[in-house]
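[1] Please work out how this folds:
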Amino acid sequence: MAVDINSSGLSPFYEKIDKLSGTQKTVIFVISILAILALFVGLLYYPNYKKIKKLEQEYKTQKAQLATAQKNASQLETFRAKKEQAEIDFKIAAKKLPAKEEIPSLLAMISNSGQRVGLEFQLFEPKPEKGKGFYMEIPVAIKVTGSYHQTAQFFDRVARLPRVVNIQNISIKPIQDKNDLQTACTAVTYKFIDTQPVTK
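    Below you'll find the predicted structure:
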């Protein structure tokens, strides 16, 4: 069905436009174009512009997160290798910490190390144990007399023991009318504490 458009109602409007000067027609034309552009910007461009900016910001954020994830993924094998090495080192260190039942024999080994080089023991006294997390410190107060060479040999033998023993607080004094020295020190050995996981 054809639509009959009656333009007679627009004739007065066209007549008024025709009577305007060229400058006025140009101004009306420019204003019309600006109005159309304003509608385009306000209704179409600006909302889309805001969406584009938001998407760009999200893209930058996702890109940064992806870069971080890729960096972490590339270092994952390195972290795993370090973790495995740390576990191996811990097991080796734990083997050097004697169990509870080995402490008496270890103390006997320290004492024998001094006797074999000719030192005379004046004091060999285990002190109370000190908790240090996953291990215990077992200090032993020691006082011996002997030559400088014998004392050095004793320290060397203790350092070569299969278990960890540290000599601390060393005090050496000459003995009057003798060539010997009196050496006081603390031998500190360690005991591993096997912590069992707590069952929930």
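[2] Return the distance of the residue nearest in space to the middle of the chain relative to Ile142.
    In the chain, the centroid-proximal residue (Cα atoms, centre = their mean) is Phe79; its distance is 10.9 Å. Per Cβ to Cβ, to the nearest Å, Phe79 is found 44 Å from Ile142. C-beta here means a position set from N, CA and C on the backbone, and glycine is covered the same way.
[3] and if you look at Lys191?
    18 Å.
[4] Ok, Ile175 next?
    Ile175 is 16 Å from Ile142, by Cβ to Cβ.
[5] Those two: which has the busier surroundings?
    Ile142 (24 against 11; other Cβ atoms under 10 Å).
[6] before we move on, which element is the more buried one in?
    Ile142 belongs to strand 135-146 when assigned by DSSP states H and E.
[7] Please name the strands paired to that strand in the sheet, noting orientation.
    Here strand 135-146 is paired, per DSSP bridges, with strand 120-126 (antiparallel), strand 130-131 (antiparallel), strand 181-192 (antiparallel).
[8] ok, of these, where does mean pLDDT dip lowest?
    For the strands paired with strand 135-146, mean pLDDT drops lowest on strand 130-131, to a mean of 82.
[9] Residues contacting that strand, please?
    136-137, 139, 193 (Cβ atoms under 8 Å, 6 or more residues apart in numbering).
[10] just stretch 173-183 next, same as before
    Residues contacting stretch 173-183 (Cβ under 8 Å, 6+ apart): 122, 142-148, 151, 170-172.
[11] and that stretch, which residues are buried?
    Within stretch 173-183, the residues that qualify as buried are 180-183, counting by 16 or more other Cβ atoms under 10 Å.
[12] The helix or strand of the chain with the lowest mean pLDDT: what's the following helix or strand?
    The weakest-scoring helix or strand in the chain, judged by mean pLDDT, DSSP states H and E, is helix 11-19 (a mean of 62). Where DSSP H and E defines the elements, the next helix or strand beyond helix 11-19 is helix 22-40.
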